[in-house]
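Asker: Generate a structure from the sequence data that follows.
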Amino acid sequence: MTQSPLAGITVVSLALNLPGPAALMRCRRMGADCVKIEPPTGDPMGLYNKVAYAELHEGVRVVVADLKAEAGQAAVHAELERAHVLLTSFRPSALRKLGLDWDSLHARHPALSQVAIVGSPGARAGEPGHDLTYLSENGLVPGLELPPTLYADMSGALLASEAVLMATLARNEGTGRYFEAALSDAAGWLAFPRRWGLTQPSGAVGGAHAGYRVYPCRDGRVAVAALETHFAKALCECAGVDAGDGLRVMFAPSTHQGVAAFFAARSREELDALAVERDLPLHTMA
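Answerer: Residues are numbered from 1 along each chain as shown. Presented below is the predicted three-dimensional model:
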């Protein structure tokens with residue numbers, strides 16, 4: 001059954017680049033009628049990654065309007081007359097200059113809710129930043145390598161689409177509401193496991209548990225997630241390691257060495273077959 005909790009809801013977005021369009025994509029997939037207002041120069045995403053832009057805007061009606069011009073302002077407010085939620089990603093100072101800050105919007109469109117995607121919450125909303133700075137602020141950039149994906153942007157998009165759902169639930173109050181989705185908060189949410197110590201090097205899912213690691217194999221790599229006792233014991237049996245109590249032994253250096261040697265001697269094909277045969281949670285990679 002298709003889940004469409006936003007069916008009948010119109011979301012208008014002024015948000016460019018990634019978090020806003022990703023949030024709009026989520027809203028569309030939840031059944032919302034989505035409208036994107038872009039400047040005459042277009043969304044930068046459409047210039048540097050056409051594939052991403054196309055997927056993010058599938059099913060979205062795009063309207064071109066210059067927000068600094070009278071005609072563009074008229075076009076925006078015409079869309080807002082029919083909308084339930086406005087999604088923005090401008091800094092607060094920019095929204096004030098355009099007359100699209102919350103106080104101005106609420107006075108003109110009292111039933112309209114706003115979801116403002118900002119970098120940092122509250123008084124820090126005007127500070128500059130990007131995905132990398134929000135991740136580093138929350139301890140999620142441990143070395144010199146760039147993260148493999150844009151975690152703060154994409155999780156921030158989820159927070160924003162969650163806020164759209166909250167705005168929809170609040171519609172029976174008869175007045176629009178303001179919601180803020182901060183990318184730094186999204187990064188902070190993702191960072192909880194690290195702050196708790198779970199993903200630190202001494203943590204069970206940070207490398208200390210021999211059954212939850214990435215090992216080299218003969219022709220690639222293998223990610224193994226044998227955390228539960230029965231999985232850990234099965235892995236130890238395959239590797240010829242004494243399973244002991246099935247938990248404490250997984251933190252022993254000798255167990256790490258035995259499991260590493262086992263994987264290093266086998267191909268991805270062999271390990272894929274073993275995963276099916278022994279019901280092991282592992283995934284091989286080139």
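Asker: What about Ser254, how many residues nearby?
Answerer: 11 (other C-beta atoms under 10 Å). (Each C-beta comes from the backbone N, C-alpha and C, glycine too.)
Asker: In contact with it, which residues?
Answerer: Val241 (C-beta atoms under 8 Å, 6 or more residues apart in numbering).
Asker: now Ala264: how far from His283?
Answerer: Noted for Ala264: a distance of 17 Å to His283, by C-beta to C-beta, to the nearest Å.
Asker: likewise Arg91?
Answerer: Relative to His283, Arg91 is positioned 41 Å away (C-beta to C-beta).
Asker: Same check on Leu169?
Answerer: Taking C-beta to C-beta, one finds Leu169 at 38 Å from His283.
Asker: So between those two, which is more surrounded?
Answerer: Per other C-beta under 10 Å, whichever of Leu169 and His283 has more neighbours is His283, with 14 against 11.
Asker: excluding its backbone neighbours, what's nearest the more buried one?
Answerer: Leaving aside its sequence neighbours, His283 sits nearest to Ala223 (C-beta to C-beta, 6 or more residues apart in numbering; 4.9 Å).
Asker: Same check on Leu24?
Answerer: Ser13 (4.8 Å).
Asker: Which residues does the residue nearest to His283 form beta bridges with?
Answerer: Legend: beta-bridge partners of Ala223 under DSSP bridges are Val214, His283.
Asker: I would like the residues contacting the helix or strand where Ser104 lies, please.
Answerer: In the assignment (DSSP states H and E), Ser104 maps to helix 102-108. Helix 102-108 is contacted from outside by His77, Leu80, Leu86, Leu95, Arg96, Leu112, Gln114, Ala116, Gly176, Tyr178, using C-beta under 8 Å, 6+ apart.
Asker: Could you pull out the buried residues of that helix?
Answerer: The neighbour-count check on helix 102-108 (16 or more other C-beta atoms under 10 Å) flags Trp102, Leu105, His106 as buried.
Asker: Number of residues surrounding the nearest residue to Cys217 once chain neighbours are set aside?
Answerer: Nearest non-adjacent residue to Cys217, counting by C-beta to C-beta, 6+ apart: Phe263, 4.8 Å away. For Phe263, the neighbour count with other C-beta under 10 Å is 24.
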